[in-house]
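Asks: Starting from these lines, generate the structure:
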Amino acid sequence: MSRSKGIWKSPGRFAAVLCAAALCTMQAGNASELDASGNAAGNRWVATWSSAPIAPGPTTIDALFGNDHSRSFDNQTIRHIVHVSVGGRRVRVRFSNEFGIQPLRIGAAQVAKRRLDASIYPATNRRLTFSGQTSIMVPPGAAALSDAVDFDVAGASDLAVSVYLPTPTEPATFHELTLQQSYVTGPGNFASATDLPGATATQSTFYLTVVEVLPSESINTLVVLGDSIAQGGGATLNANQTWPDLLSMRLNPYPPRPRLSVINQGVGCGRLLFDVCGPGGAARFDRDVLAVTGVTQVIVALGLNDIMIPSTLPLFGLPEFAAETVSAADIIVGLQQLTQRARARGLKIFAATITPNGSSTVPGVFTPEGEATRQAVNRWIRTSGVFDGIADFDAVVRDPANPARLLPAYDADGVHLTDAGYRAMANAINLSMFF
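Replies: Numbers count the residues shown, from 1 in each chain. As a prediction, this is how the structure comes out:
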């Protein structure tokens, strides 16, 4: 049985651990881009929002425990609500059929400024085309990049990206769970509709993986490669309180000009070395970091699930995960490999220390052996000098009275954090290391 497709939560106490509020692009390395007419468009494109895709199917952990979030569509519209990092004067989006085995037909797509819930400001609604066509067939394993449209996107704002799927699809390439609700309609093309009364809310994204903008200023992109803590598990829904969101707000205050786009490539339950909630960090590094438009820097915030999953899942009827137990040396080599791959492409790379999990009551999540591994990896991150900088999240959120546990005010479930905890993490990052 393949386990490379996802893991996120299971019933009861297990959900508190791995329940996290769970994107491929071409790198834009040139100083300028060309518009549809071949004229210089100014500064380079940057990714401003992303949703790392995973494969659907019965081997996701949600499906194994009877809570499968994957789905198919037939003559339906999906309106994705996306909270962008930085703004720009033009916008384009990417849809992915990466894990499909059949062609995907996109019948229509629109982008607009979101008003409230599923409603939009109609004056901002723009039709998206693909090589000049209003619809496109996306081959299995491929992606479709829309043509750019003029659109005054504000930083830290919400866009609505709507896509109409006119024909039956297979289970969609998707991102399992986010901290932002999107909407799925009943039968019909509602991509240009002002509102979607009766639409069903979902915390998943389907096919949409990237939103890119063309800023008025030359800025770069910082990628966060993380797990459910990067995704914001435990934070308030629809409130943009993940630590990457809050870091973006610090880096790009309004009204001064933006300085650095921050995109969140976190995958709930994601590991560094093994697949389990989609591809592991080492396996998806090319797609989710190196190929991101405008990327110049990456923060790697992985390792906790490499420690927890092999000691937890066997206690929930999945004994095969015990063979994937890793040592501190294994994690360290994995991080060193990402560092070499990033530097080979001219990227700065930063590492985050692994946060505590000692207050979890879920069997197997915290073990003395796992804690020793976490501490050893954190010591190496702090002292090795391998990285261009570090984010010492462990030091920020641990309980001084018991460093194996989260500070009570930051503790959502023993592993994930509260809004206050994520704010403390974002505020502790030294912004000067990015410049």
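Asks: those strands in the stretch 1-150 of the chain, which residues are they?
Replies: 46-50, 76-83, 88-96, 104-106, 108-116, 119-120, 126-127, 136-138, 143-145, 149-153 (DSSP state E, counting those that start in this stretch).
Asks: where are the low-confidence patches of the stretch 301-435 of the chain?
Replies: Within the stretch 301-435 of the chain, not a single segment meets pLDDT under 70.
Asks: Check the spatially most central residue of the chain and give its pLDDT.
Replies: Per C-alpha atoms, centre = their mean, the C-alpha nearest to the average position across the chain is that of residue 265, at 3.2 Å. Reading off the confidence values, residue 265 has pLDDT 97.
Asks: what's the answer for the one 3 residues further on, then?
Replies: Per-residue confidence for residue 268 comes out at a pLDDT of 88.
Asks: coming back round to it: which residues sit in contact with the residue nearest to the centre of the chain?
Replies: Contacts for residue 265 (C-beta atoms under 8 Å, 6 or more residues apart in numbering) come out as 23, 50, 52, 223-226, 230, 284, 288-289, 292. C-beta coordinates here come from the backbone N, C-alpha and C atoms, glycine included.
Asks: Take those residues and write them to TSV, including secondary structure.
Replies: TSV is the format used below for the contacts of residue 265 (DSSP: H, G, I helix; E, B strand; the rest coil):
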residue	secondary structure
23	coil
50	strand
52	coil
223	strand
224	strand
225	strand
226	strand
230	helix
284	helix
288	helix
289	helix
292	coil
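Asks: Output those residues as TSV; include the columns pLDDT.
Replies: Listed next are the contacts of residue 265 as TSV, based on pLDDT from 0 to 100:
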residue	pLDDT
23	30
50	98
52	96
223	98
224	98
225	98
226	97
230	97
284	97
288	98
289	98
292	98
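Asks: Can you flag the buried ones in these?
Replies: 23, 50, 52, 223-226, 230, 284, 288-289, 292 (16 or more other C-beta atoms under 10 Å).
Asks: Closest to residue 129 out of those residues?
Replies: Taking C-beta to C-beta as the measure, residue 129 sits nearest to residue 23 out of the buried ones among the contacts of residue 265, at 20.3 Å.
Asks: What distance do you get for residue 72 to residue 174?
Replies: 11 Å (C-beta to C-beta, to the nearest Å).
Asks: next one: residue 140
Replies: On the measure of C-beta to C-beta, residue 140 and residue 174 end up 15 Å apart.
Asks: of these two, who's got more company?
Replies: Neighbour comparison, residue 140 and residue 174: the larger count goes to residue 174, with 27 against 14 (by other C-beta atoms under 10 Å).
Asks: On the strand side of things, show who that one bridges to.
Replies: When assigned by DSSP bridges, residue 174 has beta-bridge partners residue 54, residue 206.
Asks: pLDDT wise, what is it at?
Replies: Value for residue 174, per-residue pLDDT: 95.
Asks: which residues does it contact?
Replies: Counting by C-beta under 8 Å, 6+ apart, residue 174 makes contact with 53-54, 56, 69-71, 204-207.
Asks: Just the buried ones out of those residues, please.
Replies: Buried among the contacts of residue 174 (16+ other C-beta under 10 Å): 53-54, 56, 69-70, 204-207.
Asks: can you map out the strands along the stretch 251-400 of the chain?
Replies: Under DSSP E, counting those that start in this stretch, the stretch 251-400 of the chain gives strands at 260-264, 295-301, 348-352, 389-391, 398-399.
Asks: quick one: which helix or strand includes residue 164?
Replies: Using DSSP states H and E, residue 164 falls within strand 158-165.
Asks: C-alpha coordinates for that strand, PDB please?
Replies: Extracted in PDB, the C-alpha atoms of strand 158-165 (Å, rounded to 0.1, in the frame of the first residue of the first chain):
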ATOM      1  CA  ASP A 158      -8.500  38.100  -0.200                       C
ATOM      2  CA  LEU A 159      -9.100  37.000  -3.800                       C
ATOM      3  CA  ALA A 160     -11.700  34.700  -5.100                       C
ATOM      4  CA  VAL A 161     -10.400  32.300  -7.800                       C
ATOM      5  CA  SER A 162     -13.300  30.500  -9.400                       C
ATOM      6  CA  VAL A 163     -13.100  27.500 -11.700                       C
ATOM      7  CA  TYR A 164     -15.900  25.700 -13.500                       C
ATOM      8  CA  LEU A 165     -15.400  22.000 -14.200                       C
END
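Asks: List the neighbouring strands of that strand plus their orientation.
Replies: Paired strands of strand 158-165, with direction, are strand 76-83 (antiparallel), strand 108-116 (antiparallel) (DSSP bridges).
Asks: Check which residues of that strand are buried.
Replies: Across strand 158-165, burial judged by 16+ other C-beta under 10 Å covers 158-165.
Asks: Just the angle for it relative to strand 149-153, thanks.
Replies: 150 degrees (axes from the mean of the first three to the mean of the last three C-alpha atoms, to 10 degrees).
Asks: Would you mind checking the average pLDDT for strand 158-165?
Replies: Computed over strand 158-165, the average pLDDT equals 98.
Asks: angle of it against strand 88-96?
Replies: Using the same axes, to 10 degrees, strand 158-165 lies at 40 degrees relative to strand 88-96.
Asks: relative to strand 46-50, how tilted is strand 158-165?
Replies: 70 degrees.
Asks: quick one: strand 158-165 to chain centroid distance?
Replies: Centroid separation for strand 158-165 versus its chain: 18 Å, with C-alpha atoms, centre = their mean, to the nearest Å.
Asks: what comes into contact with that strand?
Replies: Contacts of strand 158-165 (C-beta under 8 Å, 6+ apart): 49, 73-84, 91, 93, 95, 104-114, 118, 120, 153, 189-193, 207-208, 211.
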